[in-house]
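Sequence plus the predicted model coming up.
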Amino acid sequence: MKYITVVISKIDDENCSSGEDATDSVVEGEAIHYITLLDDGTGVALYQLRGDLEESAKALEEDPEVLSIERSEAADGLVYLHFQADALMTELLSLFRRHEVVVDWPMEYTTRGALRITWIGDDEKIREVIREIPEGVQVTLEGIGEYHSDMRQLASLLTERQRELLKLAIDLGYYDVPRQVGLREIADEIDLSVATVGEHLQKIEARILSQAVL
């Protein structure tokens, strides 16, 4: 069983569905926990948003393509969307069912607003999906290989931004022995305060270590 991870960084379609279009404006997406088409041609999705959630919800409610929106009271930033799917979104989602591949949820937004997707399935089925991705969708291959169920166990504990910060800290030598850089050097790289970087790394370390020990 194979996996392939791709990053969709551009969709050249002026009628892009509401959910995708919204994340390019005031709505800042963190992840898509699930998205699918309904029999009537509309779509439903479970989005994780970040940033100004009040403004995000307002923008989505004003979007004519959004049929309904419901915010979760139990999970901050989690919203359910029922939207009118356009032709491009319909074609993308239909690929999964047509070629019998499985999405390794969630789909994740990168810091640049691109969407990272991992598909799992038969090697030839995955290749067929890639071949049939519609024109106008810019796709970058990020990884491919044999799938293991624990591949995302630790990574799933962290947000996209936390993973990028952790990778930066590792690349700069923050965790080397002896340590090559301090918090100041990391902060200068990403234009954050030393206190903010330190707080983020402490949270990252706590999440990973608690899972590793348990």
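Arrived safely. Numbering: from 1, shown residues only.

Skipping adjacent residues, who's closest to residue 101 in space?
residue 121 (3.8 Å; CB to CB, 6 or more residues apart in numbering). Just so you know, the C-beta spots here come from the backbone N, C-alpha and C atoms, and that holds for glycine as well.

One more: residue 3?
What sits nearest to residue 3 in space, not counting adjacent residues and going by CB to CB, 6+ apart, is residue 147, at 3.9 Å.

ok so, going back, can you get me a residue count around the residue nearest to residue 101?
Using other CB atoms under 10 Å, residue 121 is surrounded by 21 other residues.

dump the residue contacts of it.
By CB atoms under 8 Å, 6 or more residues apart in numbering, the contact set of residue 121 is 1-2, 99-102.

As CSV, those with neighbour count would be great.
Putting the contacts of residue 121 into CSV (neighbours: other CB atoms under 10 Å) gives the following:
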residue, neighbour count
1, 12
2, 17
99, 19
100, 11
101, 20
102, 14
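
And these, which is closest to residue 60?
Within the contacts of residue 121, proximity to residue 60 (CB to CB) peaks at residue 102, which comes in at 27.7 Å.

so residue 143 makes contact with residue 4?
Yes: with contact defined as CB atoms under 8 Å, residue 143 counts as touching residue 4 (7.1 Å).

Now do the same contact list for residue 172.
Neighbour list for residue 172: 180-181, 185-186, 189 [criterion: CB under 8 Å, 6+ apart].

can you pull the alpha-carbon coordinates of stretch 165-184 into PDB?
C-alpha atoms of stretch 165-184 as PDB (Å, rounded to 0.1, in the frame of the first residue of the first chain):
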ATOM      1  CA  LEU A 165       9.100  26.000  13.800                       C
ATOM      2  CA  LEU A 166      10.400  22.700  15.100                       C
ATOM      3  CA  LYS A 167      12.100  21.900  11.800                       C
ATOM      4  CA  LEU A 168      13.700  25.400  11.800                       C
ATOM      5  CA  ALA A 169      15.100  24.900  15.300                       C
ATOM      6  CA  ILE A 170      16.500  21.500  14.400                       C
ATOM      7  CA  ASP A 171      18.100  22.800  11.200                       C
ATOM      8  CA  LEU A 172      19.700  25.700  13.000                       C
ATOM      9  CA  GLY A 173      21.200  23.500  15.600                       C
ATOM     10  CA  TYR A 174      19.100  24.400  18.600                       C
ATOM     11  CA  TYR A 175      18.900  20.800  19.700                       C
ATOM     12  CA  ASP A 176      22.500  19.900  18.900                       C
ATOM     13  CA  VAL A 177      24.900  19.000  21.700                       C
ATOM     14  CA  PRO A 178      26.400  21.400  22.300                       C
ATOM     15  CA  ARG A 179      23.600  23.800  21.200                       C
ATOM     16  CA  GLN A 180      24.600  25.900  18.100                       C
ATOM     17  CA  VAL A 181      22.000  28.700  18.400                       C
ATOM     18  CA  GLY A 182      19.700  30.200  21.000                       C
ATOM     19  CA  LEU A 183      16.200  31.400  20.900                       C
ATOM     20  CA  ARG A 184      17.300  34.800  19.700                       C
END
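
With that, I have no additional questions.
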